[in-house]
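predicted coordinates and the sequence they were generated for:
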Amino acid sequence: MTAHLFCQGFEKQIVTPKTELWARLLKLRDFRNSVVHGNITPEHYLYALIEDHNMFYYGPSFDFRGRKREAADSEKYPTTMSGVRSGTVGDIKKTVDLVVSAMLDAADEETRQWLSGWLWKPFISPDVVKVLQQIKIIG
């Protein structure tokens, strides 16, 4: 948000609040914090309750809490590897690509050329990935 104020080479603000890219970045930040820092919230707590010599196992993350809560949870990335799908990875890559594009757009010409020189280009095309998936070499 403030790179254009504190870094040379940017002519305008890269990401502005209340835009789609801002919302995507917040979603990615929350995912990163959960995965990298292991942020634990009451949603992650698990309970084992014993009653009448029976143990009941409960966790809010697998309890149906209504359509409103279900919709809010669908706006977050899953924080367990078993919940991550190719759509999740694709959405994260799209966010990164949009941020890179916004940076290049906000940069002056000299900085844009310098940044472009640092961009990594994938050497495996999406077409190759699809073929490998079809022949079951990768998941």
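All right, it came through fine.

when you work out contacts or count neighbours from here on, use the C-alpha atoms and nothing else.
Noted.

all helices for the protein, in order.
Applying DSSP state H to the chain gives helices spanning 3-6, 20-37, 67-74, 86-106, 109-118, 126-134.

counting contacts, what elements does the second one pack onto?
Right, helix 20-37. On a contact count with 3 or more C-alpha pairs under 8 Å, 6 or more residues apart in numbering; DSSP states H and E, helix 20-37 meets helix 86-106.

can you give me the angle the helix it packs on makes with helix 109-118?
150 degrees (axes from the mean of the first three to the mean of the last three C-alpha atoms, to 10 degrees).

what about L98, how many residues close to it?
L98 sits with 15 neighbouring residues when counted by other C-alpha atoms under 10 Å.

which one is it nearest to, not counting chain neighbours?
Once flanking residues are discounted, L98 sits nearest to L21: 7.3 Å by C-alpha to C-alpha, 6 or more residues apart in numbering.

what's the pLDDT at the one you found?
Reading off the confidence values, L21 has pLDDT 95.

in TSV: the helices of the chain, plus distance to Y58.
Formatted as TSV, the helices of the chain follow (distance: least, C-alpha to C-alpha, whole Å):
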stretch	distance to Y58
helix 3-6	45
helix 20-37	21
helix 67-74	17
helix 86-106	27
helix 109-118	48
helix 126-134	36
